[in-house]
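1. Sequence plus the predicted model coming up.
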Amino acid sequence: MKTLLTLIALSLLLPAGAFAQDAAAGKEKALVCAACHGPEGNATLPQNPILAGQTARYIYLQLRDFKEGRRKDPFMSGIAANLSKKDMLDLGAWFSAQKHTSQNSKGDTSLIDKGRAVADAALCTMCHLGGFSGQNEIPKTGGQQYEYVLKQLQDFKAKRRTNDAGNMTAVLRTIPDEDLKALAAYVASLD
């Protein structure tokens, strides 16, 4: 009982909403992000991810991983280094509230069909869900940029990206590189 009372007393010392997500504050903080990810998180540069519509949790975790060195990118690691936990939560809230407008890369239909077969065989939707819509810390990848998706698949397979406890590496290790291109084409073609 004494421990419970101590915890309650300590929680009263924190300002209300000390770590609550604030999408309005996230909008202000996202101004610097717009150059690469678009004003509302819908990146048009093929190597950059679309952040609009991602879960707030996923965005927070990726920013935290960039800040703490578990995920590396010469540009993003530097940006995230200056973010507080509150900044990352606010950015997650802002981008998750935005409408995802996929680039819908409707390329070679035979490659897309092959990618669908690769996704089915690898059971990708067990984690990424139908339409690759994502959940919690699993990203929405459907409708992402083809170049971005392919690079992430290649990085996971080659263990250059390891901030997922090895799950993607385990799945991708037996998939041939040509099939990764097909998988990326399929994922990019989704809404």
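-> Thanks, I have it.
2. hey, let's count contacts and neighbours off CA atoms from now on
-> Noted.
3. Next up, the contacts around Phe95.
-> Shown in contact with Phe95 (CA atoms under 8 Å, 6 or more residues apart in numbering): 23, 26, 40-41, 51-54, 56.
4. per-residue pLDDT, the residue lying closest to His37 once chain neighbours are set aside?
-> Spatially, and ignoring its direct neighbours in sequence, His37 is nearest to Ala43 (4.1 Å; CA to CA, 6 or more residues apart in numbering). As predicted, Ala43 sits at a pLDDT of 94.
5. So Thr125 versus Asp177, what's the distance?
-> Distance, Thr125 to Asp177, by CA to CA, to the nearest Å: 20 Å.
6. Now do the contacts for the spatially most central residue of the chain.
-> Central residue of the chain (CA atoms, centre = their mean): Pro139, 4.5 Å from the mean position. Pro139 is in contact with 54-55, 58, 128, 133, counting by CA under 8 Å, 6+ apart.
7. of those, buried ones?
-> Among the contacts of Pro139, those buried by neighbour count (16 or more other CA atoms under 10 Å) are 54-55, 58, 128, 133.
8. Which ones among the contacts of Pro139 lie within helices?
-> 58, 128 (DSSP state H).
9. Turn the contacts of Pro139 into CSV, columns for distance to Ala30 and pLDDT.
-> As requested, these are exported to CSV (distance: CA to CA, whole Å; pLDDT from 0 to 100):
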residue, distance to Ala30, pLDDT
Gln54, 14, 96
Thr55, 16, 95
Tyr58, 16, 97
His128, 26, 97
Ser133, 23, 96
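10. Any chance of the contacts of Pro139 in CSV with distance to Ala182 as columns?
-> CSV is the format used below for the contacts of Pro139 (distance: CA to CA, whole Å):
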residue, distance to Ala182
Gln54, 23
Thr55, 26
Tyr58, 25
His128, 17
Ser133, 18
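11. what stretches of this protein score poorly on pLDDT?
-> Residue ranges of the chain with pLDDT under 70: 1-20, 103-105.
12. mind giving me the domain ranges of it?
-> 21-96, 109-189 (automatic domain parsing).
13. would you list every one of the helices in the chain?
-> With DSSP H as the criterion, the chain has helices spanning 2-13, 23-29, 34-37, 56-68, 74-81, 85-96, 109-122, 125-128, 146-157, 167-172, 177-189.
14. Next, the buried residues of the longest one.
-> The neighbour-count check on helix 109-122 (16+ other CA under 10 Å) flags 111-112, 114-119 as buried.
15. Pick the one among those residues closest to Ala34.
-> Within the buried residues of helix 109-122, the smallest distance to Ala34 is 29.9 Å, found for Ile112 (CA to CA).
16. That'll do, ta.
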